[in-house]
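Q: Take a look and give me a structure for this.
(one chain, ligands or ions: 1)
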Amino acid sequence: MEQKHVVVLGGGASGLMAALAAQSHGARVTVVEKNHRIGKKLITTGNGRCNYTNRHAQAQDYNNPDYVREVFSRFSPQDTIDFFQQLGIEPKDEENGKVFPMSEQASSFLDVFLYEFGMRAIQLVLDATVESVERIGHRFRVHILNASSIEADRIVIALGGKAFPLSGSTGDGEKIARMLGHESTELYPALVKLKIDSPYLSHLAGVKINTNVALLRDRDVVQVESGDLLFTPYGLSGPTILQLSRQANALLKNGHRPFIQFSLLPSTPEASVRNRICKNPEKPLNQALIGLIHKRFIIPITKEIGIDSPGLLLKDVSEDQYEKLMELLYEWKMPINGSLGFSEAQITIGGVRLSQIDPATMASKIVKGVYFAGEVMDIDGPCGGYNLQWAWSSGFVAGINAAR
Ligand SMILES: Cc1cc2nc3c(=O)[nH]c(=O)nc-3n(C[C@H](O)[C@H](O)[C@H](O)COP(=O)(O)OP(=O)(O)OC[C@H]3O[C@@H](n4cnc5c(N)ncnc54)[C@H](O)[C@@H]3O)c2cc1C
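A: Predicted coordinates for the structure are as follows:
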């Protein structure tokens, strides 16, 4: 069989995997990347440590489980661990199934890819922004801004989504897919910090609590996450908020006004707090809360329950104020205004419609010879190694099939 020239558009996680897979299945491979180096986003992942997969990742953790199931049946999280181990990256297991490289350096992935590319004569074309793809019969011409075009037998579109545009992912994948006749679902940011409407943010900025955090639509609980909740000058951050942000943005998009609800005392029974307060009627309110909750919440609480002086004695706190105090301690609600958007988001929700891509091969059903991989597609997962896992699995399947 004649050797195919596979041109991979995008040198992010999915494109790098597609390139190795295509080469190992007999293709000549060229990777076109707009930055002056590959994997700019990859080296920022996992706070520079790269949480590259998750041992618990399953199809049902993603937005389109049936589709992901088919792709994972061809390249699973365990295949990912084995694949990178063969290239030299030893796995380091952490909590909740998260896997990092033993070196604790995301840059290890770039070093490994660059070494393998050199050994396998995979060509890298850097500082090269793909502007369009032209069809010439069954082949393609990839047009690059201010440079000569590249001809290809097959192309893999691995140009990412719109999240974290500083890394180079600015939504070009969706544009190029559209130029070739594909459709995309609506795109919005996720795994992103939320903006909150509260007069107490500047006072609370920097406070971190470990608690249960719920996302509410009106009074209904939509999703609950446990872990760190961080207060910032604009709103809320931390792992709990990132996980809730997908649904929060979806609610905002559909015109709802969602709320974040959190407990200041997730492991203290309400009865014991009521008892502590009732037993000390001569104590000032602020003193009664010291040692129970983070001190920075005391002033916001007293203001919220309508008390001018935090030093008011407990016996002078009215019944209504007392009940409001208990509500704030256990179910404080803050309205969500929005999110920090694509510029700060870790992933993009939405992408090229899955009905137009064959999950067995990642081949376009619209244009023969075009393949897709990674975040450019309408697949997303939670925080914790799930999104890179999608990039590796889809990249591998796209690469081997593009080479055939
Ligand atoms: C700060 C941060 C931390 C993250 N941490 C984790 C984590 O620990 N674990 C995890 O699983 N996921 C993490 N993610 C998500 C994960 O990084 C992405 O899901 C994954 O990188 C997507 O891979 P991709 O190849 O589809 O796209 P990308 O990695 O976005 O790669 C696309 C590439 O295409 C290039 N490109 C774009 N347009 C053009 C063009 N016109 N011409 C040429 N090249 C172009 C871009 O420069 C880029 O290099 C994190 C994301 C961010 C932003």
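
Q: Every contact and neighbour count from this point should use C-alpha atoms.
A: Will do.

Q: if you go through the chain in chain order, where are the helices?
A: Using DSSP state H, the helices assigned to the chain run over residues 13-24, 65-72, 77-86, 107-119, 172-179, 201-204, 239-253, 270-278, 285-289, 298-304, 319-331, 386-403.

Q: what separates the closest residue to residue 140 other than its chain neighbours from the ligand, distance-wise?
A: If the residues on either side of it in the chain are set aside, residue 140 comes closest to residue 152, at 5.1 Å by Cα to Cα, 6 or more residues apart in numbering. Residue 152 sits 15 Å away from the ligand, going by Cα to the nearest ligand atom, to the nearest Å.

Q: List the residues that contact residue 152.
A: Contact partners of residue 152, counting by Cα atoms under 8 Å, 6 or more residues apart in numbering, are 5-7, 139-142.

Q: quick revisit: could you provide the helices of the chain in JSON lines, with additional columns for distance to the ligand, mean neighbour count and mean pLDDT?
A: Below are the helices of the chain laid out as JSON lines (distance: least, Cα to the nearest ligand atom, whole Å; neighbours: other Cα atoms under 10 Å; pLDDT from 0 to 100):
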{"stretch": "helix 13-24", "distance to the ligand": "4", "mean neighbour count": "28", "mean pLDDT": "98"}
{"stretch": "helix 65-72", "distance to the ligand": "14", "mean neighbour count": "18", "mean pLDDT": "98"}
{"stretch": "helix 77-86", "distance to the ligand": "11", "mean neighbour count": "16", "mean pLDDT": "98"}
{"stretch": "helix 107-119", "distance to the ligand": "12", "mean neighbour count": "16", "mean pLDDT": "98"}
{"stretch": "helix 172-179", "distance to the ligand": "5", "mean neighbour count": "20", "mean pLDDT": "98"}
{"stretch": "helix 201-204", "distance to the ligand": "24", "mean neighbour count": "16", "mean pLDDT": "96"}
{"stretch": "helix 239-253", "distance to the ligand": "11", "mean neighbour count": "21", "mean pLDDT": "95"}
{"stretch": "helix 270-278", "distance to the ligand": "37", "mean neighbour count": "13", "mean pLDDT": "90"}
{"stretch": "helix 285-289", "distance to the ligand": "37", "mean neighbour count": "19", "mean pLDDT": "93"}
{"stretch": "helix 298-304", "distance to the ligand": "32", "mean neighbour count": "17", "mean pLDDT": "95"}
{"stretch": "helix 319-331", "distance to the ligand": "30", "mean neighbour count": "16", "mean pLDDT": "96"}
{"stretch": "helix 386-403", "distance to the ligand": "4", "mean neighbour count": "27", "mean pLDDT": "98"}
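
Q: As a quick check, tell me the outermost residue of this structure.
A: In the chain, residue 282 marks the outermost C-alpha relative to the chain mean, sitting 50.0 Å out by Cα atoms, centre = their mean.

Q: Quick check: that one vs the ligand, distance?
A: Distance, residue 282 to the ligand, by Cα to the nearest ligand atom: 50 Å.

Q: List the residues that contact that residue.
A: When the contact criterion is Cα under 8 Å, 6+ apart, the partners of residue 282 are 313-315.

Q: Buried among those? Make that a PyMOL selection.
A: Here is the PyMOL command that selects only those of those that count as buried (16 or more other Cα atoms under 10 Å):
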select buried, resi 313+314
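
Q: Looking at the contacts of residue 282, which is nearest residue 196?
A: Closest approach to residue 196 among the contacts of residue 282 (Cα to Cα): residue 314, at 30.5 Å.

Q: The closest one contacts residue 279, correct?
A: No - taking contacts as Cα atoms under 8 Å, residue 314 lies outside contact range of residue 279: 9.7 Å.

Q: Let me see the contact set for the residue nearest to residue 67 when sequence neighbours are not counted.
A: Nearest non-adjacent residue to residue 67, counting by Cα to Cα, 6+ apart: residue 359, 6.2 Å away. Under the criterion of Cα under 8 Å, 6+ apart, the neighbours of residue 359 are 67-68, 70-71.

Q: closest to residue 162 among those?
A: For the contacts of residue 359, the closest approach to residue 162 (Cα to Cα) belongs to residue 68, at 21.0 Å.

Q: measure that closest one to residue 16 for me?
A: The span separating residue 68 from residue 16 equals 20 Å under the rule Cα to Cα, to the nearest Å.

Q: and what of residue 109?
A: For residue 109, the distance to residue 16 equals 10 Å [Cα to Cα].

Q: Also residue 162?
A: Using Cα to Cα, residue 162 is found at 18 Å from residue 16.

Q: pretty sure residue 98 contacts residue 57?
A: No - judged on Cα under 8 Å, residue 98 makes no contact with residue 57 at a distance of 9.2 Å.

Q: Residue 289 against residue 299, yeah?
A: No - the pair residue 289 / residue 299 is not scored as a contact, 10.6 Å apart, by Cα under 8 Å.
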